[in-house]
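Asks: what shape does this take:
(one chain, ligands or ions: 1)
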Amino acid sequence: MAAISSDLATAFFGLARRQVTAAVGVWPQCLPLPHLSSASRRGFSVSPRHAAAALPRRRTGPCRFASAAAASSPSSAPTREEGGDVATKIPPDNRIPATIITGFLGSGKTTLLNHILTADHGKRIAVIENEFGEVDIDGSLVAEKRTGTEDIIMLNNGCLCCTVRGDLVRIISELVEKKKGKFDHIVIETTGLANPAPIIQTFYSEDSIFADVKLDGVVTLVDAKHANFHLDEVKPKGVVNEAVEQVAYADRIIVNKTDLVGKQDVTALVQRVKSINGMAHLKQTQYGKVDLDYVLGIGGFDLERIETSVGAEGSKDDHAHSEHEDHDHDHDHDHDHDHDHDHHHHDEHEHKHDGAHGHDHDHTHDPGVSSVSIVCEGNLNLDKANMWLGTLLLERSDDIYRMKGIISVDGMSDRFVFQGVHDIFQGSPDRPWREGEPRTNKLVFIGRNLDAQELEKGFKACLL
Ligand SMILES: Nc1nc2c(ncn2[C@@H]2O[C@H](COP(=O)(O)OP(=O)(O)OP(=O)(O)O)[C@@H](O)[C@H]2O)c(=O)[nH]1
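Replies: Numbering: from 1, shown residues only. So this is what the prediction gives:
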């Protein structure tokens, strides 16, 4: 790894650290970026223990930089340590993978789960079901015939995004404690009304989980027949539209129930969903019938697999900047859930789909969540890139739901890869740029009120 790699991250992270005044510290794997206040409101805590769990050895002294993510070599050791600066490649990640299945009510989550459980994949899966409401219906719907399923655990009386989040932590911790080695994968089916963000954050913020379990991916079911209606729903100010959020955070999107609508409608919906999330892979299905490796073992949060999302074909077409109203962004995602979960069904919306072209960017009630992808060749000036990304996250981490990127820095022989979820940021040198390989930067942002032109302009201004 080139020494410059450490400089890059030092710079990124250094900026972050300067903003984080409460001495949370800068730790590998989970880096709290500038918005400490919002992070605190979300109940975030980033602990040094994460570092201990993730790193091959302990550090001494102040850590100004640590890169994260699994590198290929188990013998990888910190490659540079000067005055506390460390560029570390950590050993392969042997933690138990966990998949979140989300999707609006009735979109087919249980159907997919049954498909997963009855398929012959040899994996031993622990299932955590999160039912909203008192009656645990899904428990009885999960197929009797199960292949190697170790546990099905119900989380009742609440949704994962609020009170039950503590239960989730407890249950996963207990699973790991009591049954480690007896299962290979955890699948969490959320209620249809859950916002995945806090669940995702749980995997980074809870020490007890982070050490043993890693988030593998978010799989979102989209109901081909009803999704538009839910995506269109207008929520009270500061309340998230769960259907939109579920799409926005996904690594895999399954547009299900395609048997219930015509091809044109499906095409238009696919375009719409892609304009919200141009990073996820998307498949159209009936009864959740997908290959299991499409939903399990996808490494959606792994740095070494960034390429599969930022290089996804078609992503360039998806960087729609949606016209939208100016929303108040002061809300906290964790706090968006004390609303009752009634649907705010509403009257007819002027929802214009252009079936022929599939470009439906003039939703009257567009919630303003969209994807922006930037692809361009060239080398970045380290200082400028640092300033740009640091400032962006400082100012916009509430709005930036997910981001991933591969970037080329002047003088750095390795690619630099990063991914983030709000104010969690992971970055690491990846592999060397190959001889003759164009040094193409690829970045994808998913978030609220993103201005594609402004982002692209800001990024390009960092190029030499
Ligand atoms: N026609 C059709 N029906 C489907 C399809 N997939 C699932 N269903 C049916 O849709 C209904 C809801 O499916 P579920 O799998 O229970 O959906 P869910 O997302 O788990 O629902 P909630 O738990 O209520 O949020 C069931 O009756 C399924 O059999 C499909 O592709 N086509």
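Asks: which positions in the helix or strand containing residue 174 come out as buried?
Replies: Using DSSP states H and E, the element containing residue 174 is helix 164-179. Using 16 or more other CB atoms under 10 Å as the test for burial, helix 164-179 gives 164-165, 167-169, 171-173, 175-176. Just so you know, the C-beta spots here come from the backbone N, C-alpha and C atoms, and that holds for glycine as well.
Asks: and for stretch 204-224?
Replies: Across stretch 204-224, burial judged by 16+ other CB under 10 Å covers 204-207, 209-224.
Asks: restrict the residues you listed to those near the ligand?
Replies: The subset of the buried residues of stretch 204-224 within reach of the ligand, counting by CB under 6 Å from any ligand atom, consists of residue 221.
Asks: look at residue 125 and report its pLDDT.
Replies: Here the pLDDT value assigned to residue 125 is 86.
Asks: on that earlier part again, ok, so of the buried residues of helix 164-179, who is nearest the ligand?
Replies: residue 164 (15.1 Å; CB to the nearest ligand atom).
Asks: so where's this protein uncertain?
Replies: By pLDDT under 70, the weakly predicted segments of the chain are 1-92, 131-165, 312-367.
Asks: for the residue nearest to residue 260 when sequence neighbours are not counted, which three-state class applies?
Replies: Closest residue to residue 260 apart from its sequence neighbours, by CB to CB, 6 or more residues apart in numbering: residue 225 at 4.3 Å. Secondary structure assignment for residue 225 (DSSP: H, G, I helix; E, B strand; the rest coil): coil.
Asks: which residues touch residue 225?
Replies: Shown in contact with residue 225 (CB atoms under 8 Å, 6 or more residues apart in numbering): 257, 260-261.
Asks: by contact count, what packs against the helix holding residue 174?
Replies: Contact here means 3 or more CB pairs under 8 Å, 6 or more residues apart in numbering; DSSP states H and E; on that basis helix 164-179 packs against strand 125-130, strand 151-155, strand 185-189, helix 196-205, helix 207-210.
Asks: repeat that with 7 Å
Replies: When contacts are defined as 3 or more CB pairs under 7 Å, 6 or more residues apart in numbering; DSSP states H and E, helix 164-179 packs onto strand 125-130, strand 151-155, helix 196-205, helix 207-210.
Asks: now those in JSON lines, with distance to residue 242?
Replies: Listed next are the helices and strands packed on helix 164-179 as JSON lines, based on distance: least, CB to CB, whole Å:
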{"stretch": "strand 125-130", "distance to residue 242": "13"}
{"stretch": "strand 151-155", "distance to residue 242": "17"}
{"stretch": "helix 196-205", "distance to residue 242": "9"}
{"stretch": "helix 207-210", "distance to residue 242": "23"}
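Asks: residue 464 is nearest to which of these?
Replies: helix 196-205 (33.7 Å; CB to CB).
Asks: please report phi then psi for residue 110.
Replies: Backbone torsions of residue 110, given as degrees, to the nearest 10, read phi -70, psi -40.
Asks: neighbours of residue 459, just the number please.
Replies: 24 (other CB atoms under 10 Å).
Asks: give me the element it is part of.
Replies: Per DSSP H and E, residue 459 falls inside helix 452-460.
Asks: and that helix, what does it pack against?
Replies: Going by 3+ CB pairs under 7 Å, 6+ apart, helix 452-460 lies up against strand 369-377.
Asks: quick one: buried residues of the strand it packs on?
Replies: 369-375.
Asks: again, but for stretch 178-196
Replies: So for stretch 178-196, counting by 16+ other CB under 10 Å, buried means 183-196.
Asks: out of the helices and strands packed on helix 164-179, the one nearest residue 462 is which?
Replies: Comparing the helices and strands packed on helix 164-179 by CB to CB, helix 196-205 comes nearest, at 27.1 Å.
Asks: run a quick neighbour tally on residue 427.
Replies: Residue 427 has 26 nearby residues by other CB under 10 Å.
Asks: just give me the neighbour total for the nearest residue to it once chain neighbours are set aside.
Replies: Nearest non-adjacent residue to residue 427, counting by CB to CB, 6+ apart: residue 418, 3.7 Å away. Neighbour count for residue 418, taken as other CB under 10 Å: 25.
Asks: hey, C-alpha coordinates of stretch 410-417 in PDB?
Replies: The C-alpha trace of stretch 410-417 is given here as PDB (Å, rounded to 0.1, in the frame of the first residue of the first chain):
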ATOM      1  CA  ASP A 410      -2.800  11.800  -7.200                       C
ATOM      2  CA  GLY A 411       0.300   9.900  -6.300                       C
ATOM      3  CA  MET A 412      -1.500   7.000  -4.800                       C
ATOM      4  CA  SER A 413      -0.900   3.600  -6.400                       C
ATOM      5  CA  ASP A 414      -3.900   2.000  -4.700                       C
ATOM      6  CA  ARG A 415      -7.500   2.800  -5.400                       C
ATOM      7  CA  PHE A 416      -9.200   4.200  -2.300                       C
ATOM      8  CA  VAL A 417     -12.700   2.800  -1.600                       C
END
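Asks: could you list the buried residues of that stretch?
Replies: For stretch 410-417, using 16+ other CB under 10 Å, the buried residues are 410, 412, 414-417.
Asks: for those residues, which one is nearest residue 267?
Replies: residue 417 (32.5 Å).
Asks: helix/strand/coil for the closest residue to residue 298 other than its chain neighbours?
Replies: Closest residue to residue 298 in three dimensions, ignoring its sequence neighbours and counting by CB to CB, 6+ apart: residue 217, at 4.2 Å. For residue 217, the secondary structure call by three-state DSSP comes out as strand.
Asks: same thing with residue 305?
Replies: Per three-state DSSP, residue 305 ends up helix.
Asks: so what's it closest to, chain neighbours aside?
Replies: Residue 305 sits nearest to residue 299 (CB to CB, 6+ apart), 4.0 Å away.
Asks: so that neighbour sits against residue 309, correct?
Replies: No. In this structure, residue 299 is not within contact of residue 309 by CB atoms under 7 Å, at 9.7 Å.
Asks: what residues does this structure have near the ligand?
Replies: Counting by CB under 6 Å from any ligand atom, the chain sits next to the ligand at 103, 105-111, 138, 192, 221, 256-257, 259-260, 286-288.
Asks: same thing but 5 Å
Replies: Within the chain, the residues that sit near the ligand (CB under 5 Å from any ligand atom) are 105-111, 192, 256-257, 259, 286-287.
Asks: so among these, which ones count as buried?
Replies: 105-111, 192, 256-257.
Asks: in stretch 373-393, what's buried?
Replies: 373-375, 378-382, 384-390, 392-393.
Asks: for it, C-alpha coordinates in PDB please.
Replies: Presented in PDB, the C-alpha positions along stretch 373-393 are these (Å, rounded to 0.1, in the frame of the first residue of the first chain):
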ATOM      1  CA  SER A 373     -23.700   9.000  -9.400                       C
ATOM      2  CA  ILE A 374     -20.500  10.600 -10.600                       C
ATOM      3  CA  VAL A 375     -18.200   8.800 -13.000                       C
ATOM      4  CA  CYS A 376     -15.100  10.500 -14.300                       C
ATOM      5  CA  GLU A 377     -11.500   9.800 -15.000                       C
ATOM      6  CA  GLY A 378      -8.700  11.700 -13.300                       C
ATOM      7  CA  ASN A 379      -6.600  12.100 -10.200                       C
ATOM      8  CA  LEU A 380      -7.800  14.000  -7.200                       C
ATOM      9  CA  ASN A 381      -5.900  16.600  -5.300                       C
ATOM     10  CA  LEU A 382      -5.800  15.100  -1.900                       C
ATOM     11  CA  ASP A 383      -6.400  18.300   0.000                       C
ATOM     12  CA  LYS A 384      -9.200  19.500  -2.100                       C
ATOM     13  CA  ALA A 385     -10.900  16.100  -2.000                       C
ATOM     14  CA  ASN A 386     -10.600  16.000   1.700                       C
ATOM     15  CA  MET A 387     -12.100  19.400   2.100                       C
ATOM     16  CA  TRP A 388     -14.900  18.600  -0.300                       C
ATOM     17  CA  LEU A 389     -16.000  15.300   1.200                       C
ATOM     18  CA  GLY A 390     -15.400  16.400   4.700                       C
ATOM     19  CA  THR A 391     -17.400  19.600   4.300                       C
ATOM     20  CA  LEU A 392     -20.200  17.600   2.500                       C
ATOM     21  CA  LEU A 393     -20.500  15.200   5.300                       C
END
